[in-house]
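J.: pasting the structure only:
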């Protein structure tokens, strides 16, 4: 799924699987197993059949894990439901929760051949191409947020109501369970956010980690073939999900996929206001209250800081699945500080 950009490698010793046992479970002969170089959460493998057909296996990592993390079962369920209504996801095949097969739960889906784009500024593309890529990202997340989750059997995929309140509590707990140093900005966010939650806009399926490099684009067209990494998906507030995607406009380049400060018009990349307006048009929303939007951005910077801190803790514990995990984890503090700066902007406006 990610071969064109980050490639595969021989399976790491700590992530080795019993191929004979796996073949028996899947009922087809596997001629090659490779591990994708990416993936800081769930180790991901490419399986090849003798006839040339390829599949992707995603599994929980071995070792001690944080509560509710690495939910491959939920990931499998949501892509199964979305695939039936032609939302762009890889075709799922089977979920295995029997840990005796390869040691942890896993699922298998189709391998999707295409482009995974990592740099938000899309170097090497024309203005028109960049505009088309960003518009496709906008179209697909708007499509997700307009799907009736009840009609696709996901009415019990998340708890009703109080989504952000529960998310703040969850990520606070996850962060504190993986804390490696005291970060004042993070503690300030933990105290401020629960007391300033805006009213929920709606409830939809939310991806939880929607961004450029979690999508596979067609090799030659600005069209998403599959959205990846659904382990954080649930039922929740679509504006919180969309604001996570829009954090790019608030993060400097080089600090976790940011485009803040770039000359966006010359690049052909829309500004945040234009991008938000297009999303609102596609979802039938009249607009977004600015103070609420500022909260959503602060909340998501807090959330990504907690996620990155979890990655750093897995590095410390020796369970991280990527060589890039340490670099990602070290950015947790910077994200928390950006989040608190966002809150300070809200406070100044209210003063």
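T.: Nice, thanks for sending it over. Predicted model, so just to flag it, every value in this text is computed and none were measured.

J.: So, low pLDDT: which residues of the stretch 1-150 of the chain?
T.: Where the stretch 1-150 of the chain drops to pLDDT under 70, the residues are 1-6, 38-41, 63-70.

J.: And the helices in it?
T.: With DSSP state H, counting those that start in this stretch, the ranges of helices along the stretch 1-150 of the chain come out as 3-6, 19-26, 72-83, 127-144.

J.: The residue nearest to residue 111 when sequence neighbours are not counted: what's it in contact with?
T.: Leaving out its chain neighbours, the residue that sits closest to residue 111 by C-beta to C-beta, 6 or more residues apart in numbering is residue 54, at 3.8 Å. (Glycine included, C-beta is placed from N, CA and C.) Taking C-beta atoms under 8 Å, 6 or more residues apart in numbering as the contact definition, residue 54 lies against 46-48, 110-111.

J.: Whichever of those residues end up buried, select them in ChimeraX.
T.: Listed next is the ChimeraX selection for buried residues among the contacts of residue 54, using 16 or more other C-beta atoms under 10 Å:
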select :46,47,48,110,111
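
J.: Pipe the contacts of residue 54 into JSON lines and attach distance to residue 32 per row.
T.: Shown next, in JSON lines, are the contacts of residue 54 (distance: C-beta to C-beta, whole Å):
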{"residue": "46", "distance to residue 32": "8"}
{"residue": "47", "distance to residue 32": "8"}
{"residue": "48", "distance to residue 32": "4"}
{"residue": "110", "distance to residue 32": "16"}
{"residue": "111", "distance to residue 32": "12"}
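
J.: Filter the contacts of residue 54 down to just the ones in strands.
T.: Per DSSP state E, strands hold the following members of the contacts of residue 54: 46-48, 110.

J.: coming back round to it: what's the distance between the residue nearest to residue 111 and residue 45?
T.: When C-beta to C-beta, to the nearest Å is applied, the distance between residue 54 and residue 45 equals 11 Å.

J.: want to throw the helices of the stretch 1-150 of the chain into JSON lines with mean neighbour count?
T.: Converted to JSON lines, the helices of the stretch 1-150 of the chain look like this (neighbours: other C-beta atoms under 10 Å):
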{"stretch": "helix 3-6", "mean neighbour count": "15"}
{"stretch": "helix 19-26", "mean neighbour count": "14"}
{"stretch": "helix 72-83", "mean neighbour count": "21"}
{"stretch": "helix 127-144", "mean neighbour count": "19"}
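
J.: Quick check: which of the ones you listed is nearest to residue 96?
T.: helix 19-26 (6.3 Å; C-beta to C-beta).

J.: Now do that closest one: distance to the chain's middle.
T.: In terms of C-alpha atoms, centre = their mean, to the nearest Å, the centre of helix 19-26 is set 29 Å apart from its chain centre.

J.: Strands along the stretch 51-200 of the chain, start to end?
T.: Read by DSSP state E, counting those that start in this stretch, the stretch 51-200 of the chain holds these strands, from start to end of the chain: 54-59, 92-96, 106-110.

J.: Compute the inter-axis angle for the second one and helix 72-83.
T.: The one in question is strand 92-96. 160 degrees (axes from the mean of the first three to the mean of the last three C-alpha atoms, to 10 degrees).

J.: so what secondary structure elements neighbour strand 92-96?
T.: Contacts defined by 3 or more C-beta pairs under 8 Å, 6 or more residues apart in numbering; DSSP states H and E place strand 92-96 against helix 72-83, strand 106-110.

J.: which helices and strands sit right next to the first one?
T.: To tie it back to what came earlier, the one meant is helix 72-83. Where contact means 3+ C-beta pairs under 8 Å, 6+ apart, helix 72-83 is packed against strand 54-59, strand 92-96, strand 106-110.

J.: neighbouring contacts of it?
T.: Here helix 72-83 makes contact (C-beta under 8 Å, 6+ apart) with 42, 58-60, 89-92, 95, 97, 105-107, 109, 144, 147, 152-154, 157, 205, 229-231, 233-234.

J.: Which ChimeraX command selects the buried ones in those residues?
T.: Those of the contacts of helix 72-83 that count as buried under 16+ other C-beta under 10 Å are selected in ChimeraX with:
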select :42,58,59,60,89,90,92,95,105,106,107,109,144,147,152,154,157,205,229,230,231,233,234
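
J.: how about residue 185, what does it touch?
T.: Neighbours of residue 185 in contact, by C-beta under 8 Å, 6+ apart: 333, 336-337, 339-340.

J.: want to throw those into a markdown table with neighbour count and distance to residue 170?
T.: Shown next, in a markdown table, are those (neighbours: other C-beta atoms under 10 Å; distance: C-beta to C-beta, whole Å):
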| residue | neighbour count | distance to residue 170 |
| --- | --- | --- |
| 333 | 20 | 20 |
| 336 | 26 | 16 |
| 337 | 18 | 21 |
| 339 | 27 | 16 |
| 340 | 21 | 20 |
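
J.: Residue 174: which of those is nearest?
T.: Looking at these and their distance to residue 174, the nearest is residue 336, at 13.6 Å (C-beta to C-beta).

J.: Cool, thanks, signing off.
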